[in-house]
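S.K.: Pasting a predicted model and its sequence here:
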Amino acid sequence: MEYKGNDFYCDVALKNTSALKKEYESEQVLAYHHTKPHWPVHIIVIPKKHILSFTNREKENDVIVNELFDVVRMIAKKIEEERGGARILTNLGNYQDSKHLHFHVSSGDPLLQS
């Protein structure tokens, strides 16, 4: 399926979380293995509530964002311990394909994309 919208997480991922390989889930945050990974380990961490981006969020969402940061840190620490290193990435503005706050936690050399 080729997705053409601008919020994959609200439009697709959160509508069928049972199809995802989850690392963490609470009422407010979901972390799962990317469905089309760019690295050997590639986990996405998202708030379940729509928050536009890292730089465009409301103060009322601080509790959710704090949990999101805790989950990113927990997953990155686990990957770092298992693989010796991890990276954390979020995109903004024109670099943000999906207009929903999300973090990529990954490790390894980039995979060849087909």
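M.R.: Arrived safely.

S.K.: For the helix or strand that V65 is a member of, list every residue counted as buried.
M.R.: Applying DSSP states H and E as the criterion places V65 in helix 62-83. Across helix 62-83, burial judged by 16 or more other CB atoms under 10 Å covers 64-65, 67-68, 71-72, 75-76, 79. C-betas here are computed from N, CA, C, even on glycine.

S.K.: which intervals of this structure have sub-threshold pLDDT?
M.R.: 1, 114 (pLDDT under 70).

S.K.: Residues contacting the longest strand seen in it, please?
M.R.: Counting residues, the longest strand found in the chain (DSSP state E) is strand 41-47. Contact with strand 41-47 is made by 9, 13-14, 23-24, 28-34, 61, 64-65, 68, 71-72, 75, 79, 83, 86, 100-108, as judged by CB atoms under 8 Å, 6 or more residues apart in numbering.

S.K.: again, 6 Å this time
M.R.: With CB atoms under 6 Å, 6 or more residues apart in numbering as the test, strand 41-47 has contacts from 9, 23, 29-34, 64, 68, 71-72, 75, 79, 101-103, 105-108.

S.K.: Got a quick ChimeraX command for the buried subset of these?
M.R.: A single ChimeraX command suffices to select whichever of those are buried according to 16+ other CB under 10 Å:
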select :9,23,29,30,31,32,34,64,68,71,72,75,79,101,102,103,105,106,107,108
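
S.K.: now the helices for the chain?
M.R.: 8-11, 62-83 (DSSP state H).

S.K.: Out of those helices, which gets nearest to P40?
M.R.: helix 62-83 (8.3 Å; CB to CB).
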